[in-house]
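Enquirer: Task: produce atomic coordinates for the following.
(4 chains)
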There are 2 protein chains.
Amino acid sequence: MQTPEPLGGTRPTSRDVARTAGVSQATVSLVLGEKWRGRVSERTAETVRAAARDLGYRPNLAARNLRLGRTRTAMLVVPALTNEFFAHVYTGAAVAAARHGFGVVLYPSPDGVGPARDPFASAQAALDGVIASSMAADALKAFRGTDLPLVMLDSDPSDPGASAHLNIDVADGMRRVTEHLLGLGHRRFLHLASAVPSWTFDVRAAALADALRGAELRTVRSPLNVADAWTAAHAALDTREPRPTAVICDDDILAVGVLKVARRLGLRVPEDLSITGFDDLALATAVEPELTTVRLPAEEFGRRGMEALLAVLAGEPAPPVTLPVELVRRGSTGPAPAV
Amino acid sequence: MQTPEPLGGTRPTSRDVARTAGVSQATVSLVLGEKWRGRVSERTAETVRAAARDLGYRPNLAARNLRLGRTRTAMLVVPALTNEFFAHVYTGAAVAAARHGFGVVLYPSPDGVGPARDPFASAQAALDGVIASSMAADALKAFRGTDLPLVMLDSDPSDPGASAHLNIDVADGMRRVTEHLLGLGHRRFLHLASAVPSWTFDVRAAALADALRGAELRTVRSPLNVADAWTAAHAALDTREPRPTAVICDDDILAVGVLKVARRLGLRVPEDLSITGFDDLALATAVEPELTTVRLPAEEFGRRGMEALLAVLAGEPAPPVTLPVELVRRGSTGPAPAV
DNA sequence: CGCGTAACGTTATACGTAAAACCTCGGCCG
DNA sequence: CGGCCGAGGTTTTACGTATAACGTTACGCG
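Expert: Got it, this is the predicted structure:
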């Protein structure tokens, strides 16, 4: 009434709130920052809050970030959200972040689509830290030289470049898969491996080779998409040599590719061929038969990654962690055919 | 050598660059802002660039945002990234954004998980605008009262609350589906509709009812996940009354649920039952038979949404747009059984 | 009475950047 | 020869916030 409120496009600032509340800007900051215990009377505080409410005041985040020198924002670097696994990782990270008043931004299109030459230029948000999957190795180079705290997912724990390490026990996953298949009588295996270079896939291959000593094992590499998996699997299975009786895939997506190939070749699953995957995506239960797979705790992965980053930012220690996996037995595996 | 460079955790500022280059801070800003045509000599410019490179200078985004009053950041509000459709929407938006030096942040967990009471508090990045799916209606309320530019996806074009509207021609999709199925001889239909309230689903239902005048149509609503779809479809199909011969689903996820139910009930697809979906997700080609579905241009949806927002921000007009769809015929539809 | 001190605020400052306004010095033209 | 102009910078200011440092009462207490 007496004070002409700022109209139009200009948003009210803390100074505007101060003016209408009849106090200084500092007091507004104190009250709204919940830092006023014993510094401001309850009466004044209420006046300030009312004024802020009336004006529809929203603190300017850019100004706050500048003042505080931190942004409460973390960047998540993953290959692609269209891979359901990473969508879950993101969700876990975002929820954990929100619980602590943090936000999560994604590395701009690390899967090669689009320019994103300078990650800092595209993601305009300044960052407090980074959580990165080792599957996005090229994107990671952008953060070398930065002194940002870096939590590595699925990366060699002995790598000293990271502030913290978080892994999933995929070696154990491979051991359980082989144990399961060996118990069913299988002796000739095909490993359909990911062509994406990453520590986690190296570990899987090594664990598999180790667990399958004495059995027959071939390996084929393929990108993580159905079409390429199809081609790779087709080449490996359509042979006159004694065929593998079980295909172990690094990923459910690959496994579905194999399933389709098997159908095309007239092989029944699991009677003629057993198939296993990794991740336990929605795909795994959509197909028929449903996939036996190693369930990875994707959402927890994201959550713990964020928690590790928060710990680092708080100066607390963040010891390396390895999350357990679970073997989910479904219809795609069965007794080895008696050749 | 003579100037002790700032060491430790402190990042170099434009003033540090100025000092080592022997110029004023303003000059640094001019050169690095590419605004120096005719204002700074090429020799000086090179000196500045060299100094910036040596010091590893990175502009402070928070300061820049504060100064410029904009952040080159948009927020995307969608139900959940774990729905592949929205992962594609995000990708499209992010790529288009990056091309224009923009970043995209996601609304913090609008699917109900986590707190995220105040979207501004969690997403610390200040925003220039919002792109929102009508499927996240509750989250949208947070932006009422804000004068942020708002691009609505899949929302009633007559809604005046938005700065721009972008839709997908799902009515045409429904018409093509029914045309296809009627052509195959089907006369008894079941519509498995989404329980999520959204304009896009209202449009589909209306278009379907309109196209099926004279034929028999039942409707069942279900949340967009496989488990619930399973239950809903089971109840609708396990009946002694004359069974529908075709199930039209609002979504591939629902369609896969129906496919599993059919198998459970001993119905062959498509001999006994035809099934159609919407979206054309990876799921659609993973299952056997592959799904006949209406392909929605998800990535383009995100891209155009971002472009519309950019237009609004530039003060240009952003007329409402409706994107075309495509019917993809696959194995899940076939001639109606002769009852 | 005098002084510490608690209660309640205010004033002043800094964060790092972009850009408007200003300065200086030759050269050129009328 | 005086004034104007443009090239090539510099000085200064503002963005909105958080907080350290600083006042000003009033009151309790030795």
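
Enquirer: And what about residue A:87, helix, strand or coil?
Expert: helix (DSSP: H, G, I helix; E, B strand; the rest coil).

Enquirer: That one and residue A:81 touch, don't they?
Expert: Yes: using CB atoms under 8 Å, residue A:87 is in contact with residue A:81, at 5.2 Å. For the C-beta atoms, the positions are set from N, CA and C on the backbone; glycine is no exception.

Enquirer: now residue A:256: how far from residue A:249?
Expert: 9 Å (CB to CB, to the nearest Å).

Enquirer: How about the residues of chain A by DNA strand D?
Expert: Chain A has residues A:10-11, A:13-15, A:25-26, A:29-30, A:32-33, A:35, A:57, A:59-60, A:63-64, A:66-68 near DNA strand D, with proximity defined as CB under 7 Å from any atom of the strand.

Enquirer: out of these, which are buried?
Expert: Those of the residues of chain A next to DNA strand D that meet the buried threshold are A:11, A:13-14, A:29-30, A:32, A:57, A:59-60, A:63-64, A:66, by 16 or more other CB atoms under 10 Å in any protein chain shown.

Enquirer: Excluding residues flanking it in the chain, which one is nearest the spatially most central residue of chain A?
Expert: Using CA atoms, centre = their mean, the residue of chain A that lies closest to the mean C-alpha position is residue A:89, 3.1 Å off. Sequence neighbours aside, residue A:302 is the residue nearest to residue A:89 in space, at 3.9 Å (criterion: CB to CB, 6 or more residues apart in numbering or on different chains).

Enquirer: residues in contact with the helix or strand hosting that neighbour?
Expert: Per DSSP states H and E, residue A:302 falls inside helix A:298-313. Helix A:298-313 has contacts (CB atoms under 8 Å, 6 or more residues apart in numbering or on different chains) with A:74, A:76, A:85-86, A:88-97, A:100, A:102, A:104, A:128-131, A:149, A:151, A:153, A:163-164, A:166, A:168, A:279, A:317-318, A:321, A:323.

Enquirer: Repeat that for stretch A:70-77.
Expert: Taking CB under 8 Å, 6+ apart as the rule, stretch A:70-77 contacts A:65, A:89-90, A:93, A:97, A:101-107, A:110, A:119, A:123, A:125-133, A:136, A:139-140, A:143, A:302, A:306, A:309, B:62, B:124-125.

Enquirer: how about it, does it get close to DNA strand C?
Expert: No: using CB under 7 Å from any atom of the strand, stretch A:70-77 never reaches DNA strand C; the gap is at least 11.3 Å.

Enquirer: how about that stretch as CSV, C-alpha atoms only?
Expert: This file holds the C-alpha atoms of stretch A:70-77, laid out as CSV (Å, rounded to 0.1, in the frame of the first residue of the first chain):
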residue,chain,number,x,y,z
ARG,A,70,29.2,-24.0,-3.5
THR,A,71,26.1,-25.0,-5.4
ARG,A,72,24.7,-28.1,-3.8
THR,A,73,24.7,-29.6,-7.2
ALA,A,74,26.5,-32.8,-8.4
MET,A,75,27.0,-34.1,-11.9
LEU,A,76,26.3,-37.6,-12.9
VAL,A,77,28.3,-39.0,-15.8
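
Enquirer: Distance from the chain centre to it, please.
Expert: The chain centre lies 14 Å from the centre of stretch A:70-77; the measure is CA atoms, centre = their mean, to the nearest Å.

Enquirer: again, but for stretch A:19-37
Expert: 40 Å.

Enquirer: ranges for the strands of chain A?
Expert: Ranges of strands within chain A are A:73-77, A:103-106, A:129-133, A:150-153, A:164-168, A:188-194, A:216-222, A:246-249, A:274-279, A:292-295, A:321-323, A:326-328, based on DSSP state E.

Enquirer: Find the nearest non-adjacent residue to residue A:156, please.
Expert: Nearest to residue A:156 is residue A:199, by CB to CB, 6+ apart, at 4.9 Å.

Enquirer: who are the neighbours in contact with the one you found?
Expert: Counting by CB under 8 Å, 6+ apart, the residues that residue A:199 touches are A:134, A:154-156.

Enquirer: any idea how chain A splits into domains?
Expert: Per automatic domain parsing, the structural domains of chain A span A:14-59, A:70-169+A:299-322, A:170-295.

Enquirer: Quick one: mean pLDDT over the second one.
Expert: The average pLDDT for domain A:70-169+A:299-322 rounds to 87.

Enquirer: Same check on the shortest one?
Expert: Taken as a whole, domain A:14-59 has an average pLDDT of 92.

Enquirer: Contacts (any at all) between chain B and it?
Expert: Yes: against chain B, domain A:14-59 shows contacts by CB under 8 Å from any CB of the partner chain at A:56, A:58.

Enquirer: coming back round to it: which of the contacts of helix A:298-313 are buried? Put it as a PyMOL command.
Expert: Command for PyMOL, covering only those of the contacts of helix A:298-313 found buried under the criterion 16+ other CB under 10 Å:
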select buried, chain A and resi 74+76+85+86+88+89+90+91+92+93+94+95+96+97+102+104+128+129+130+131+149+151+153+163+164+166+168+279+318+321
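
Enquirer: do you know how far whichever residue of the stretch 151-300 of chain A sits closest to DNA strand C is from chain B?
Expert: Nearest residue of the stretch 151-300 of chain A to DNA strand C, counting by CB to the nearest atom of the strand: residue A:163, 21.7 Å away. Separation of residue A:163 from chain B (CB to the nearest CB, to the nearest Å) stands at 13 Å.

Enquirer: and if you look at residue A:33?
Expert: 12 Å.

Enquirer: Tell me how far that residue lies from residue A:26.
Expert: 10 Å.

Enquirer: Over to residue A:243?
Expert: Look at residue A:243 and residue A:26: by CB to CB, they are 77 Å apart.

Enquirer: what about the helices in the stretch 1-150 of chain A?
Expert: A:14-21, A:25-32, A:42-55, A:61-68, A:84-99, A:119-122, A:137-140 (DSSP state H, counting those that start in this stretch).

Enquirer: Tell me how far the fifth one lies from the chain's centre.
Expert: Here the centre of helix A:84-99 is set off from its chain's centre by 7 Å, with CA atoms, centre = their mean.

Enquirer: Setting aside sequence neighbours, what's the nearest residue to residue A:278?
Expert: residue A:294 (4.8 Å).

Enquirer: pretty sure that neighbour is touching residue A:177, no?
Expert: Yes: taking contacts as CB under 8 Å, residue A:294 lies within contact range of residue A:177: 6.2 Å.

Enquirer: Overlap of the contact sets of the two?
Expert: Joint contacts of residue A:294 and residue A:177 (CB under 8 Å, 6+ apart) are A:276, A:327.

Enquirer: Give me the neighbour count for the residue in the stretch 201-339 of chain A that DNA strand C sits nearest to.
Expert: Proximity of the stretch 201-339 of chain A to DNA strand C (CB to the nearest atom of the strand) peaks at residue A:313, 17.9 Å away. Neighbour count of residue A:313, defined by other CB atoms under 10 Å in any protein chain shown: 18.

Enquirer: Ok, residue A:183 next?
Expert: 9.

Enquirer: For stretch A:319-328, which outside residues touch it?
Expert: Residues contacting stretch A:319-328 (CB under 8 Å, 6+ apart): A:157, A:164-170, A:172-173, A:176-177, A:180, A:280, A:284, A:292-297, A:300-301, A:304, A:308.
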